[in-house]
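> Show me the folded form of this:
(one chain, ligands or ions: 2)
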Amino acid sequence: MKYTLSLLPLALLSACGNQQQKPQPQQRPNILFIMTDDHTTQAMSCYGSQLIETPNLDRIANEGIRFNNCYVTNAICAPSRAVILTGKFSHQNGVINNAAEFDGSQQTYPKLLQKVGYQTSMIGKWHLGSAPTGFDFWSVLPGQGDYYQPQFIEMGDTITENGYVTDIITKKAINWLDNRDKSKPFAMVYQHKAPHRNWIPAPRHLGAFEDKVFPEPPTLFDDYEGRGSAAREQEMEIANHMWDAWDFKLATKEELETFGANNKLESIKDAKHHDVAGANKRSEDLKKLYRVYSRMTDDQRAKWHEAYAKRIAKFKEGKLKGKELISFKYQLYMRDYLACLLSLDENVGQMLDYLKKENQLDNTIIVYTSDQGFFLGEHGWFDKRLMYEECYRMPLLIRYPKAIKAGTTSNALAMNVDFAPTFLDFAGVEVPKDMQGKSLRNILENEGKAPENWRDATYYHYYEYPSWHSVKRHYGLRTEKYKLIHFYNDVDEWELYDMEKDPQEMQNVIDDPAYKELVPELKARLKDLRLQYQDDTE
Ligand code: SGN
Ligand code: CA
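Ligands and ions are numbered 1, 2, ... in the order given. Prediction:
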């Protein structure tokens, strides 16, 4: 029997009335948050990369928006993830470094979406210590996770899956989408491990770039002149801080198998990877690689040895010295890092195709980003952490044709702290006052243009020191034109870069008389930002 209005009970009528302002669950957009680990804009063709083509990521950019100036607030894994979930800076959400455990009882955007009827899930790299909260389904890698035959913790149970991590994460994500309650909108956090160190490509892509020579960045041989002690004393140089076996895969089949025969797996698990010197170094190095090798199938091992034979032979000739050796190492680094992106791009393509097939492509806000950028040899480095542009900038692509004109680009200053407010805004949920970011919705709907009162500076604070890679603690700001950084803790040093004249940050102009008046202005602005975001940590 059909109800006519007059037959509806009164209480139900008034409930309908109340709901009229809020979007109905089925009108709310789906949210697909795709995040990779350490994927930087220099390795995306939609950002003008000279290194690689990423056609499926470019699809998101071409059919949506590309942000040119999106910045991380603390360029390291767990902190970036915590900022994104909470919409709050590290000093407020508690995860100031990778060692801190995320307090899962706090407010996050997935929890707020769940409350208004979203189905939520978290699949892939999590890396926040505590168990995920706010998700109807979760399946996450323990810690950093493994590339081959990875373990997952799935709703509390530990399981091992066969295959390559990037493919498996996608399979799990699509499987969840397929089996969800299709009457409700979804918010899925789909996060890859790749292309994190030690950059292991899918078996089908092993050796894909072994014969390719990649262009070197102009700052590969930077001597850090004029920069402070942070740049000089870091430990993330391709020349000095990468490991022959672990990073460059320079270990023969015989060496690995002999190592495996002589060492118990338990002792291999706790391989040390920094603060090791002398004779111990090679064995620690092999230990680390052997742990990965021990997970491989025979077929994977065969492909591995075939792929790396050439570079091992070249290295063993022992003729490369000085700059030539650094150039060689840079090539090996690029070959593996970039080969990881091949499967990543394929998998994102699969996800887009799936949504299309399901008729959900245009109903879904699709975001592509990475937890921060990365150095691909610029300044001679790998890794991240510093407030220098290559790792400070995050990729940010968003596709949602209902709000975004295809092919839009934006120079607005955005931060990862803005993601949560943006999702809530699109879902019709009021952004809680204690979230510190701002919704980017206006910018998306306005062809990339920021509103009049938009921020004039981004704020940054990095804490993980002393620790891996020895990058000193610092905080700072970036405006459209300038970047000011204060290194503290064991030093008290300032750096200033003129980003228009010196985009590669080779000239620290903090003591240059031409900038004498600007320095106190920027320092005052930085002080204001610290007050605004209530950051009194130092
Ligand atoms: C590992 C890596 C480091 C990296 C950290 C943090 N070393 O410790 O190079 O900086 O992870 O990365 S490794 O020898 O184990 O590969 S993060 O993405 O989790 O922040
Ligand atoms: Ca990372």
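
> going forward, measure contacts between C-alpha atoms and count neighbours the same way
OK.

> so how far is stretch 378-396 off the chain centroid?
Distance of stretch 378-396 from its chain centroid, counting by CA atoms, centre = their mean, to the nearest Å, is 11 Å.

> end to end, how far does that stretch reach?
In stretch 378-396, first residue to last residue: 21 Å (CA to CA, to the nearest Å).

> got the contact list for the residue in the stretch 201-350 of the chain that ligand 2 sits nearest to?
Closest to ligand 2 within the stretch 201-350 of the chain is Tyr337: 13.3 Å, counting by CA to the ion. For Tyr337, the contacting residues are Pro195, Trp199, Ile200, Pro201, by CA atoms under 8 Å, 6 or more residues apart in numbering.

> could you redo these as TSV and give each row neighbour count and distance to ligand 1?
What follows is the contacts of Tyr337, written out as TSV (neighbours: other CA atoms under 10 Å; distance: CA to the nearest ligand atom, whole Å):
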residue	neighbour count	distance to ligand 1
Pro195	26	9
Trp199	23	9
Ile200	24	11
Pro201	28	14
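
> Save the residues you listed as a markdown table, and put in distance to Asp211, secondary structure and pLDDT too.
What follows is the contacts of Tyr337, written out as a markdown table (distance: CA to CA, whole Å; DSSP: H, G, I helix; E, B strand; the rest coil; pLDDT from 0 to 100):
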| residue | distance to Asp211 | secondary structure | pLDDT |
| --- | --- | --- | --- |
| Pro195 | 20 | coil | 98 |
| Trp199 | 18 | coil | 98 |
| Ile200 | 17 | coil | 98 |
| Pro201 | 16 | coil | 98 |
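
> Need the residues you listed in CSV (columns: distance to ligand 2).
Output for the contacts of Tyr337, formatted as CSV (distance: CA to the ion, whole Å):
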residue, distance to ligand 2
Pro195, 9
Trp199, 12
Ile200, 15
Pro201, 17
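
> Pull the number of nearby residues for Ser267.
Using other CA atoms under 10 Å, Ser267 has 10 neighbouring residues.

> One more: Asn93?
Asn93 has 19 neighbours, counted by other CA under 10 Å.

> Then Asn453?
Neighbours of Asn453 (other CA under 10 Å): 6.

> quick one, what contacts whichever residue of the stretch 1-150 of the chain sits closest to ligand 1?
Of all residues in the stretch 1-150 of the chain, Cys77 sits closest to ligand 1, at 3.6 Å by CA to the nearest ligand atom. Shown in contact with Cys77 (CA under 8 Å, 6+ apart): Asp37, Asn98, His127, Asp371, Gln372.

> how about the residues of the protein near ligand 1?
Ile76, Cys77, Arg197, Asn198, His273, Asp383 (CA under 6 Å from any ligand atom).

> any idea how far Gly226 is from the second one?
By that I understand Cys77. Using CA to CA, Cys77 is found at 29 Å from Gly226.

> Next: the fourth one.
As for Asn198, its distance to Gly226 is 32 Å (criterion: CA to CA).

> Between these two, which is the more surrounded one?
More crowded of Asn198 and Gly226, by other CA under 10 Å: Asn198, with 21 against 14.

> any idea what sits nearest that one, other than its immediate chain neighbours?
Nearest residue to Asn198, sequence neighbours excluded (CA to CA, 6 or more residues apart in numbering): Asp247, at 5.4 Å.

> residues in contact with that neighbour?
When contacts are counted by CA under 8 Å, 6+ apart, Asp247 touches Arg197, Asn198, Trp199, Tyr333.

> Just the ones of the residues you listed in helices?
Applying DSSP state H to the contacts of Asp247, the entries found in helices are Tyr333.

> what about the helices in the stretch 351-500 of the chain?
Applying DSSP state H, counting those that start in this stretch to the stretch 351-500 of the chain gives helices spanning 389-392, 419-426, 441-445.

> Single out the most deeply packed of these.
Most buried of those, by mean neighbour count (mean count of other CA atoms under 10 Å): helix 389-392, with a mean of 24.

> how close does the residue nearest to Asn198 get to Ile326?
13 Å.

> Which residues are in contact with the closest residue to ligand 2 within the stretch 351-500 of the chain?
Using CA to the ion, the single residue of the stretch 351-500 of the chain nearest to ligand 2 is Asp371, 5.3 Å away. Contacts for Asp371 (CA under 8 Å, 6+ apart) come out as Met35, Thr36, Asp37, Asp38, His39, Val72, Ala75, Ile76, Cys77, Ser80, Arg81, Met394.

> what comes up buried for stretch 53-62?
Glu53, Thr54, Pro55, Asn56, Leu57, Asp58, Arg59, Ile60, Ala61, Asn62 (16 or more other CA atoms under 10 Å).

> Select from those residues every entry located in helices.
Of the buried residues of stretch 53-62, the ones assigned to helices by DSSP H are Pro55, Asn56, Leu57, Asp58, Arg59, Ile60, Ala61, Asn62.

> was I right about the third one contacting Asp345?
Yes. If you go by CA atoms under 8 Å, Leu57 and Asp345 touch, sitting 6.4 Å apart.

> before we move on, the earlier item: list just the nearest of the contacts of Tyr337 to Ala261.
Distance to Ala261 across the contacts of Tyr337 (CA to CA) is lowest for Ile200, with 23.2 Å.
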